[in-house]
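pasting a predicted model and its sequence here:
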Amino acid sequence: MGVKKPRLAAIEYIRGISMLGVVGIHVGSQYLSNPAANMHLVALFEVVTRFSVPIFFFISAFGMFYNLDLTQPFNYKSFLKRRISTVVIPYVVWSLFYLVHYAVLWGDTSVLSPFYMLFSMFFGTAGYQLYFMVILLWFYLMMPVWVWMVQRLNMLWLAGLLAFQIVFDYWSCFVLNSAGVENFLLRSLIDYRLNYWVLHYIFIFVLGGYLAVHISWFKELMKHYRSSLTAFFWLSLAGLLGYYYWLIFSRGYTPLEGINTAQQLCPAGIIYTLGASLFFFAVFTEWRMPEWLKPVFAALGRHSYFVYLAHPVAITYLGIALAEKGQIMTAPAALCFFAAVVVITLGAAAAMRRLGEKIPLINELSIGVYKKK
């Protein structure tokens, strides 16, 4: 049985910030089509935003454990039932949408073959953002394991888990590859390991659960060590950016090679994720925010799920429009492109949410929101 606790606005606000970061990463990929892309703007789009995906795991675990009473038996069946309605159904709907959409747009019906559709569903490849939902579902399926771990964790075990995370992610990202593997299924399981191996994000997920269970202690930590958490965040960001620039200036990497190396699963990226998770939670929990900003962050958080699912559509058609006009993705164009994607998808999210209030099936299928009984 869950114990209802006071609502934490920080979870919703962080969700909105993370959504902006995800959009930035994907707009940055478009900007890199320019051979003369500014390395500093690339860093803003692709390095500064690297906390965005793993912090989603942090707040997902935090939200689940926050109202979970660990002194009571965990109702796995009830838990899965709720998650199927909020995640599995929208995932399937949006995967089918993207498969059909791209088949029509590019005239390639091979993506609608039963094998390709099953392959896409399992690995989350129907849309380049959907892999996150697949690995999140694996986290959900293993929820009894996380409950068992969180019940027994202490700071020493968390430190050990962080060390494991750094070693494992380094091995997976920079050592393991499918070279020489001829079997298609085995090669796919290796190539798409980031889409379903929960071990890539186990530390940040379990940390979110641990801090939710020990929320009183966490609040005291944020209150008394606000300056230290802020310094840790900026130092961790400086470390990841420093690694990116070192790769470019000392190792001769291109910006594309730099961002593929200085990413969220490299050692500096893991530390940056930790710093960002603690910092943003402290900002939105303990700091006094201007009143006019609260509805902005609330709107971003409220519509973040739809924006996350739909923003590749806006990116695709805005990209086509630029190409038809012969417009090169310059730095100013990239910034305008980012703003346009956010505004368009936020507007679409608000309109669909309002329409879904009249036709509940729309919200149920698109974002897993059900009308309150």
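It's in.

need the contact list for the closest residue to Y192 other than its chain neighbours.
Once flanking residues are discounted, Y192 sits nearest to F123: 4.5 Å by C-beta to C-beta, 6 or more residues apart in numbering. Quick note: C-beta positions are derived from backbone N, CA and C, even for glycine. For F123, the contact set (C-beta atoms under 8 Å, 6 or more residues apart in numbering) comprises Y131, V134, S188, Y192, N195, Y196.

nearest to A340, out of those residues: which one, please.
Of all the contacts of F123, Y131 has the smallest distance to A340: 24.6 Å, by C-beta to C-beta.

tell me how far that closest one lies from M121.
Using C-beta to C-beta, to the nearest Å, Y131 is found at 11 Å from M121.

follow-up on the earlier one: need the contacts of F123 in CSV with secondary structure and distance to V283, can you?
Converted to CSV, those look like this (DSSP: H, G, I helix; E, B strand; the rest coil; distance: C-beta to C-beta, whole Å):
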residue, secondary structure, distance to V283
Y131, helix, 28
V134, helix, 30
S188, helix, 40
Y192, coil, 35
N195, helix, 31
Y196, coil, 32
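
buried ones in the helix or strand V92 falls within, by neighbour count?
For V92, the host element (DSSP states H and E) is helix 89-106. By 16 or more other C-beta atoms under 10 Å, the buried positions in helix 89-106 come out as P90, Y91, V93, W94, S95, F97, Y98, L99, H101, Y102.

same question, stretch 297-305
Within stretch 297-305, the residues that count as buried by 16+ other C-beta under 10 Å are F297, L300, G301, R302, H303, S304, Y305.

repeat that for stretch 272-290.
Of all the residues in stretch 272-290, those buried under the rule 16+ other C-beta under 10 Å are 272-285.

for K371, state which of the buried residues of helix 89-106 is nearest.
P90 (15.6 Å).

wait, that closest one touches I367, no?
Yes. Using C-beta atoms under 8 Å, P90 makes contact with I367 at a distance of 5.9 Å.

can you pull out the helices in the stretch 151-300 of the chain?
Applying DSSP state H, counting those that start in this stretch to the stretch 151-300 of the chain gives helices spanning 155-174, 184-191, 202-213, 215-224, 226-249, 255-261, 267-286, 293-302.

CA-only coordinates of stretch 14-28 in PDB, if you can.
Output of stretch 14-28 as PDB, limited to C-alpha atoms (Å, rounded to 0.1, in the frame of the first residue of the first chain):
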ATOM      1  CA  ILE A  14      12.900  18.600 -13.400                       C
ATOM      2  CA  ARG A  15      10.900  16.600 -15.900                       C
ATOM      3  CA  GLY A  16      10.300  19.800 -17.900                       C
ATOM      4  CA  ILE A  17      14.000  20.800 -17.800                       C
ATOM      5  CA  SER A  18      15.000  17.300 -18.900                       C
ATOM      6  CA  MET A  19      12.600  17.500 -21.800                       C
ATOM      7  CA  LEU A  20      14.200  20.700 -23.000                       C
ATOM      8  CA  GLY A  21      17.600  18.900 -22.800                       C
ATOM      9  CA  VAL A  22      16.400  16.000 -24.900                       C
ATOM     10  CA  VAL A  23      15.100  18.300 -27.600                       C
ATOM     11  CA  GLY A  24      18.400  20.200 -27.500                       C
ATOM     12  CA  ILE A  25      20.400  16.900 -28.000                       C
ATOM     13  CA  HIS A  26      18.300  16.000 -31.100                       C
ATOM     14  CA  VAL A  27      18.400  19.500 -32.500                       C
ATOM     15  CA  GLY A  28      22.100  19.400 -32.000                       C
END
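
quick one: mean pLDDT for that stretch?
Taken as a whole, stretch 14-28 carries a mean pLDDT of 96.

list the contacts of it.
Residues contacting stretch 14-28 (C-beta under 8 Å, 6+ apart): 42, 44-46, 48-53, 55-56, 59, 128-129, 259, 280-281, 284, 297-302, 304-305, 307-308, 311-312, 315, 334, 337-338, 341-342, 345.
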